[in-house]
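> Quick one: sequence and predicted model below, then my questions.
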Amino acid sequence: MKQRNTFSGIILLGIGLFYFTMRMEIELLQPYMTWPTLIVIIGTALIMQAGSGKDSSNLFSGVFLTGLGLHFHAAAKVAAWPEPLQMIILLAGVSFLIQYRKTKEGLIPGLLLSLLALWLLFFKSNTPSVENIFVKAEDFWPIILMILGAYLMFFKKKK
């Protein structure tokens with residue numbers, strides 16, 4: 001019961017502060033009164049719920065949503081911000097790694113996704129000899145991710 005109250009309380013508090021700030025028209029905060037802020041509020045509530053008890057099932061979702069909201073804020077402000085696909089892959093990897101610290105599950109997907117995202121961020125455009133491999137692989141990597149996800153869902157047994 002306490003976890004439900006924590007989540008509901010943070011959601012109501014966050015959305016209340018969001019609309020209060022909009023109504024008060026505080027000039028400094030007006031650029032942040034957009035939908036990514038609501039995503040950050042929901043993600044933060046999920047993280048707080050996961051941290052308030054032994055149930056950490058919402059940790060992945062909370063980290064991912066918070067990161068996604070911050071990504072959209074940064075993308076609007078920073079001209080050289082990475083593309084959404086690269087950041088979403090990185091956010092998924094980091095979310096798995098943070099989940100692994102608490103639940104000891106998700107290390108391999110976290111490492112693979114983080115390494116893939118870092119490769120796409122830093123090395124894809126800088127290495128022309130490898131770029132030909134990525135041109136061909138870009139058509140197939142979504143299928144590989146779907147196969148990996150199906151394997152984890154249906155075939156991998158929990159201990």
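Now that the structure is in, tell me what you want to look at.

> Please point out which parts of the host helix or strand of P142 sit buried.
Element membership for P142 (DSSP states H and E) is helix 141-154. Judged by neighbour count (16 or more other CB atoms under 10 Å), helix 141-154 contains these buried residues: L145. Bear in mind the C-beta positions are built from the backbone N, C-alpha and C, glycine included.

> Residues in contact with that helix: which ones?
Applying CB atoms under 8 Å, 6 or more residues apart in numbering, the contact partners of helix 141-154 are P109.

> Please compute how far that helix lies from its chain's middle.
19 Å (CA atoms, centre = their mean, to the nearest Å).

> hmm, who's touching stretch 71-80?
Y32, T34, W35, P36, T37, I39, V40, W81, P84, M87, I88, L91.

> quick one: the second one and A45, what's the gap?
When distances are taken as CB to CB, to the nearest Å, T34 and A45 turn out to be 18 Å apart.

> that older thread, can you name the two of the contacts of stretch 71-80 that sit furthest apart?
Using CB to CB, those reach their maximum pairwise distance at Y32 and I88, which is 21.0 Å.

> hey, where'd the strands end up in this structure?
Under the criterion DSSP state E, the chain contains no strands.

> can you give me the helices for it?
Here the chain has its helices, by DSSP state H, at 2-24, 35-52, 59-77, 84-103, 107-122, 128-137, 141-154.

> I am finished for the moment; much appreciated.
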